[in-house]
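In: Return a 3D structure for these sequence lines:
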Amino acid sequence: MPEEPNADLLVFFSALSDANRLKIIGLLAKAEYSVEELAEMLALRPSTVSHHLSKLSKVGLVSARAEGYYNLYQLNTRSLEEMARTILSRDTLPDLAAGVDMNAYDRKVVKDFTGPDGRLKDIPSQRKKLEAILRHIVLVFEPGEPYSEPQVNEALAHFHPDTASLRRELIASGMMTRDNSGAAYWRAE
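Out: Below you'll find the predicted structure:
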């Protein structure tokens with residue numbers, strides 16, 4: 001089975017998905033503490049605190065140093081900052097949606113608003129649905145290819161008899177443009 005593309009992010013947030021672990025991070029952000037100290041402050045058993053520290057340690061958020069008979073735990077702020085910078089950067093955030101069908105909504109709207117012949121039953125009044133229909137309709141025009149108004153109307157008539165409204169909406173949405181005289185239309189890139 002292929003590894004989940006966001007596995008690091010899921011493990012990181014899983015480690016933070018517990019209220020007691022968040023409290024531990026908050027405490028360690030102020031000072032170093034032993035398991036016993038954390039257990040008393042949080043009213044938890046030392047074994048439970050050790051379990052939480054283990055989860056936080058696995059993702060690099062906490063580290064321990066020996067002092068006498070105890071390990072003192074500290075927050076690894078560098079790891080936290082690096083994880084935030086790496087995973088939650090503008091460049092990597094879009095990767096979180098990898099594998100999502102970005103056209104599913106458009107297909108549903110087109111299915112709901114068209115008959116078996118592909119003609120619109122109605123022009124949607126909701127803007128988001130109208131835009132989905134327009135994205136579907138504009139595909140009949142070749143990008144960069146000029147079309148006369150009669151050619152545009154002929155193509156739009158296959159979808160709905162109100163070609164003027166469809167043409168106006170295609171222009172308003174920026175999916176099609178026209179020259180200043182209105183004699184030539186083309187699909188926007």
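In: what residue of this structure is the furthest out?
Out: Farthest-out residue of the chain from its mean C-alpha position, per Cα atoms, centre = their mean: Gly68, at 47.9 Å.
In: Check the spacing between the residue nearest to the spatial centre of the chain and Asn6 real quick.
Out: Centroid-nearest residue in the chain, with Cα atoms, centre = their mean: Ala97, separated by 5.1 Å. Look at Ala97 and Asn6: by Cβ to Cβ, to the nearest Å, they are 10 Å apart. Where C-beta positions appear, they are placed from N, C-alpha and C, glycine not excepted.
In: Quick one: residues contacting the residue nearest to the centre of the chain.
Out: By Cβ atoms under 8 Å, 6 or more residues apart in numbering, Ala97 lies in contact with nothing.
In: ranges for the strands of this structure?
Out: Taking DSSP state E as the criterion, the chain carries its strands at 62-67, 70-75, 147-148, 176-178, 184-187.
In: Can you tell me what sits against the second one?
Out: Looking back up the chat, that one is strand 70-75. 25, 28-29, 32-36, 38, 53, 61-66.
In: picking up where we left off before, compare the strands of the chain and give me the one nearest Val140.
Out: Proximity to Val140 (Cβ to Cβ) singles out strand 184-187 among the strands of the chain, at 8.9 Å.
In: next one: that closest one to chain centre, how far?
Out: Distance, stretch centre to chain centre, for strand 184-187: 33 Å (Cα atoms, centre = their mean, to the nearest Å).
In: hey, C-alpha coordinates of that strand in PDB?
Out: Listed next in PDB are the C-alpha coordinates belonging to strand 184-187 (Å, rounded to 0.1, in the frame of the first residue of the first chain):
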ATOM      1  CA  ALA A 184     -15.000  39.100 -32.000                       C
ATOM      2  CA  TYR A 185     -15.100  36.800 -28.900                       C
ATOM      3  CA  TRP A 186     -12.600  34.300 -27.600                       C
ATOM      4  CA  ARG A 187     -12.100  32.000 -24.700                       C
END
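In: counting contacts, what elements does it pack onto?
Out: With contacts taken as 3 or more Cβ pairs under 8 Å, 6 or more residues apart in numbering; DSSP states H and E, strand 184-187 sits against strand 147-148, helix 149-157, strand 176-178.
In: now the ones you listed as CSV including mean pLDDT?
Out: Listed next are those as CSV, based on pLDDT from 0 to 100:
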stretch, mean pLDDT
strand 147-148, 94
helix 149-157, 95
strand 176-178, 94
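In: Sounds good, over and out.
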